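Participant: based on what follows, work out the 3D shape:
(chains A and B)
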Amino acid sequence: MSALLSAKGLIGLTLVVFVGLVAVLSPLFIPEALSTKIDVTARLMPPSLDHFFGTDQLGRELFYRVLLGASTSLFIAFSAVALSILLGLPLGVLSGYFAGWTDHILMRIVDTLLSFPAILLALAISAVLGPNLRNTIIAIGIAFAPYLARIVRGETLKVCSLPYMEAIRSQGASNARIIWRHVLPNIMPPVIVQATISVAFAILAEAGLSFLGLGTQPPTPSWGLMIQASRDFLDVAPWTAVVPGIAVALTVLGLNMLGDVLRDVLDPTVVFDK
Amino acid sequence: MRYLLNRLALLLLTLLLISIATFILTNILPGDVATMILGTRSSPEKLAALQNVLGLNDPLVVQYWRWIWGILQGDFGVSLRFKVPITTLIGQKILASGMVVALSLMIAIVLAIPLGIIGAVKQNRWQDTLSSGIALTGISLPDFFWGILLILVVSRGLGWLPSSGYVSPAVDFWAAIQHSILPAIALGFGLMAQLTRMTRSAMLEVISQDFIRVCRAKGLAEGNVILKHALRNAIAPVVTVAGLQLGYLFGSIIVVETLFNYTGMGWLTYQGLINRDIPLIQATIFVIATVFMFSNLIVDMIYTALDPRITFD
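Facilitator: Predicted structure coming up:
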């Protein structure tokens, strides 16, 4: 556990906890009206004491929008990763556990999906379903699922080849019991690591989709949307891009640092050094 | 030989599955091509007539067969948005994207390998912290935000490079390079970061092995040990990661090319998606997935060439 207490672990954990708190608390304390209030007299104001992070092209306070953007971003990312686990975990376990034809067919499907770059797949699904918040979650969740299925399958194969599996089987345990009691708990560590890193990627994906107009739709405060809107005002108001950009970067950085450290902690083959 | 044949069969099967997946995905799109051409306010009779002409009332299998048969003859149909054959469009745009992808790969590799080696050799010293820090930043910055920073600083601030547009190298080679540098850096930064991390960890693993100690013991110069003996053994996993990351790169071109108004395949895909140009969407998705699949094959071949211990027979 000492890895979690390393500088990297502490910084990562602090960032993640901080953004998490902002995401949970800001919708409780910031009325939505504050973040959508249009003030034409205060358009594109630079950051100052009156306007903490400056204002956007409609005079809306970036400070409130960035804080509320955290909850949009994290909500989408967590839901999408949950969906990808919901799809990928059973697929991977079944494929690895039953092997043979089941494995062949399922893995062909997974490989086909993997031939599409994840973002392309997410963009296409979002365009097909019609871009909105719910469909962004579905698009990212489906696009990420095959990666998870691959990892889960590999881990399941590894666990199933261990001698103790044979012992359990010879005792007459049912497939369901073996999967539930013995396979699932043993494949959890890599799944947790992958999920942490996936949340980071999902945040990037949501920002990218929204940036292209195929993700979250206005007026929902979304970091990607804010960066998209800033494009026309880059010369006069660079902060409209920089503020939400830094918000994305810090969140993803925190998750990545935490992911690295979790991998060191949960993967016994990696020797941790301070 | 047997391996090659197997691989070829698998390749064809995957291509077939990719085409089916693309076709199914784009056929769930609400609204059909006829409505796109005539607009939503056209009379139902006209619509039905055009649907018949385009064969949209045929069973899906028949439609798929017509589509795939066209592709086999190099015909992707006509773009609804641009009103020209898609094959021509793709022919022009794929060169633009190829240039930017090649440039970004070059940038990523040239920076990542030295950074990763320094990180491993100077493990836990400031050089390592610096190189790991750069790498972590690289995987955490969204590519389009990094692109915007480049536009702000390099283009607007310093005025060194153009921030938007594409020039064909056939027209003006120098201008073509200038226009593709910023998109290439924006695209390559994330890949560079991944490769740096991989190079560092692969080098660390190799450096601690006995044969490296033997190299040192027999008095080889340190530079020789690291660059010739260690790197040679560490490079294979780095190539694998580079290959896996290519998919990420091919996805990123959609965002980055759109940001820089760089009219390549990514930009074309985006135009298809936002205009609901179904034939164009089908074609671009299919082509990108196919190129991705072939580049994976090439990576596998490089992998075997780099590490003679791996054979596929």
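
Participant: okay, and the closest residue to chain A within the stretch 201-313 of chain B sits in which element?
Facilitator: Residue nearest to chain A within the stretch 201-313 of chain B: B:Gly251 (3.2 Å; C-beta to the nearest C-beta). Quick note: C-beta positions are derived from backbone N, CA and C, even for glycine. B:Gly251 is part of helix B:231-259 when elements are defined by DSSP states H and E.

Participant: may I see the buried residues of stretch B:162-181?
Facilitator: Neighbour counts using 16 or more other C-beta atoms under 10 Å in any protein chain shown place B:162-163, B:166-167, B:176, B:179-181 of stretch B:162-181 among the buried residues.

Participant: can you name the two of those that sit furthest apart?
Facilitator: B:Ser163 and B:Ala176 (15.3 Å; C-beta to C-beta).

Participant: ok, the residue nearest to A:Ser198 when sequence neighbours are not counted - how many residues close by?
Facilitator: Leaving aside its sequence neighbours, A:Ser198 sits nearest to A:Val81 (C-beta to C-beta, 6 or more residues apart in numbering or on different chains; 4.7 Å). Using other C-beta atoms under 10 Å in any protein chain shown, A:Val81 has 27 neighbouring residues.

Participant: B:Asn224 now?
Facilitator: 12.

Participant: show me where the stretch 101-250 of chain A has its strands.
Facilitator: Along the stretch 101-250 of chain A, counting by DSSP state E, counting those that start in this stretch, no stretch forms strands.

Participant: where does it come near chain B, residue by residue?
Facilitator: Applying C-beta under 8 Å from any C-beta of the partner chain, we find that the stretch 101-250 of chain A lies next to chain B at A:108-109, A:111-120, A:123-125, A:127-128, A:130, A:200, A:204, A:207-208, A:211-214, A:224, A:227, A:230-231, A:234-235, A:238, A:241-242, A:245, A:248-250.

Participant: again, only using 6 Å
Facilitator: By the rule C-beta under 6 Å from any C-beta of the partner chain, the part of the stretch 101-250 of chain A lying against chain B is A:112, A:115-120, A:123-124, A:127-128, A:204, A:207-208, A:211, A:238, A:241, A:245, A:248-249.

Participant: can you select the buried ones from the residues you listed in PyMOL?
Facilitator: Typed into PyMOL, the next command selects the buried ones out of these (criterion: 16+ other C-beta under 10 Å):
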select buried, chain A and resi 112+115+116+117+118+119+120+123+124+127+128+204+207+208+211+238+241+245+248+249
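
Participant: one step back: quick one: contacts for the residue nearest to A:Ser198?
Facilitator: A:195, A:198-199, A:202 (C-beta atoms under 6 Å, 6 or more residues apart in numbering or on different chains).

Participant: what about 10 Å?
Facilitator: A:88, A:137, A:140-141, A:144-145, A:148, A:194-203 (C-beta atoms under 10 Å, 6 or more residues apart in numbering or on different chains).

Participant: returning to that earlier point: average pLDDT across the helix holding B:Gly251?
Facilitator: For helix B:231-259, mean pLDDT rounds to 82.

Participant: ok, stretch A:159-179 next?
Facilitator: Mean pLDDT, computed over stretch A:159-179, is 84.

Participant: repeat that for stretch B:164-174.
Facilitator: 80.

Participant: got a list of contacts for it?
Facilitator: With C-beta under 10 Å, 6+ apart, stretch B:164-174 has contacts from B:92-93, B:95-97, B:99-100, B:151, B:155, B:175-180, B:182-183, B:257, B:259-264, B:267.

Participant: and the residues you listed near chain A, which?
Facilitator: When the contacts of stretch B:164-174 are checked against chain A using C-beta under 10 Å from any C-beta of the partner chain, the ones in range are B:151, B:155, B:259.

Participant: so the residue lying closest to the first one once chain neighbours are set aside is in which element?
Facilitator: The one in question is B:Ile151. Nearest in space to B:Ile151, with sequence neighbours left out and distances taken as C-beta to C-beta, 6+ apart, is B:Ser163 at 4.4 Å. Under the criterion DSSP H and E, no helix or strand holds B:Ser163.

Participant: list the buried residues in the strand or helix carrying A:Val24.
Facilitator: Element membership of A:Val24 [criterion: DSSP H and E] is helix A:7-29. Residues A:8-9, A:12-13, A:15-16, A:19-20, A:22-23, A:26-27 are the ones in helix A:7-29 that count as buried (16+ other C-beta under 10 Å).

Participant: near chain B, which of those show up?
Facilitator: A:8, A:12.

Participant: next helix or strand past the lowest-mean-pLDDT helix or strand in chain A?
Facilitator: Of all helical and strand segments in chain A, the minimum by mean pLDDT, DSSP states H and E falls on helix A:32-36, at a mean of 71. For helix A:32-36, the succeeding helix or strand toward the C-terminus, using DSSP H and E, is helix A:62-98.

Participant: off-centre distance for that following helix?
Facilitator: 5 Å (C-alpha atoms, centre = their mean, to the nearest Å).

Participant: buried ones in it?
Facilitator: Taking 16+ other C-beta under 10 Å as the criterion, helix A:62-98 shows A:62-81, A:83-85, A:87-89, A:91-97 as buried.

Participant: got the CA coordinates for stretch A:11-25 in PDB?
Facilitator: What follows is stretch A:11-25, C-alpha atoms only, in PDB (Å, rounded to 0.1, in the frame of the first residue of the first chain):
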ATOM      1  CA  ILE A  11      -1.100  14.000  -6.000                       C
ATOM      2  CA  GLY A  12      -3.300  11.700  -8.100                       C
ATOM      3  CA  LEU A  13      -5.600  10.900  -5.200                       C
ATOM      4  CA  THR A  14      -5.800  14.500  -4.200                       C
ATOM      5  CA  LEU A  15      -6.700  15.600  -7.700                       C
ATOM      6  CA  VAL A  16      -9.300  12.900  -8.100                       C
ATOM      7  CA  VAL A  17     -10.900  13.500  -4.700                       C
ATOM      8  CA  PHE A  18     -10.900  17.300  -5.400                       C
ATOM      9  CA  VAL A  19     -12.600  17.000  -8.800                       C
ATOM     10  CA  GLY A  20     -14.900  14.400  -7.400                       C
ATOM     11  CA  LEU A  21     -16.000  16.700  -4.600                       C
ATOM     12  CA  VAL A  22     -16.500  19.600  -7.000                       C
ATOM     13  CA  ALA A  23     -18.600  17.300  -9.300                       C
ATOM     14  CA  VAL A  24     -20.800  16.200  -6.400                       C
ATOM     15  CA  LEU A  25     -21.100  19.400  -4.500                       C
END
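
Participant: since that was my last question, I'll sign off now.
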